[in-house]
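J.: output the structure for:
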Amino acid sequence: VMFIPDFIGKSSDARSVLQPTISREDAAYNISRVAFLVHALCVGNLDNLKWGVEDRLHQPQRGGKLYKYLYPMIEAAENAGAA
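T.: Predicted structure coming up:
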């Protein structure tokens, strides 16, 4: 499944909603998600893809302020059986 918005997002807008600093907790969380993602892809465990693509560094800020459709799309994809 693929979603292509009907507008072109500007990088400057996407960067402008991000926090200027990152907590150690959020950085560690994101690094752990990369481990889930790499492992899921290496062993073919598609169930772990869900955990591997979670993010705390940009999704909450961009999903909350810039891309209002982000979380409804994720929820709809999961409800339809996406990993």
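J.: any stretches of the chain with poor pLDDT?
T.: Within the chain, the segments meeting pLDDT under 70 span 1.
J.: hmm, 90 instead?
T.: 1-9, 46-51, 68-69, 74, 77-78, 80-83 (pLDDT under 90).
J.: quick one, helices of this structure?
T.: In the chain, the segments counted as helices under DSSP state H are 11-16, 24-43, 49-52, 59-65, 70-79.
J.: quick one: list the elements packing against the shortest one.
T.: Of the remaining helices and strands, those touching helix 49-52 by 3 or more Cβ pairs under 8 Å, 6 or more residues apart in numbering; DSSP states H and E are helix 24-43. Yep, even glycine has a C-beta here, placed from its N, CA and C like the rest.
J.: buried residues in the helix it packs on?
T.: Neighbour-count burial for helix 24-43 flags 30, 33, 36-37, 40 (criterion: 16 or more other Cβ atoms under 10 Å).
J.: same thing with stretch 43-62?
T.: Neighbour count says stretch 43-62 has 48, 52, 56-57, 59-62 buried, by 16+ other Cβ under 10 Å.
J.: tell me how far it lies from the chain's centre.
T.: 6 Å (Cα atoms, centre = their mean, to the nearest Å).
J.: likewise stretch 11-21?
T.: 15 Å.
J.: which residues touch that stretch?
T.: With contact meaning Cβ atoms under 8 Å, 6 or more residues apart in numbering, stretch 11-21 is reached by 57-58, 61-62, 65-66.
J.: about what we covered before: let's have the buried residues of stretch 43-62 in CSV, adding distance to E78.
T.: Output for the buried residues of stretch 43-62, formatted as CSV (distance: Cβ to Cβ, whole Å):
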residue, distance to E78
N48, 14
G52, 14
R56, 18
L57, 21
Q59, 14
P60, 17
Q61, 21
R62, 19
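J.: one step back: let me know the closest of the buried residues of helix 24-43 to Y71.
T.: Among the buried residues of helix 24-43, R33 lies closest to Y71 (Cβ to Cβ), at 16.6 Å.
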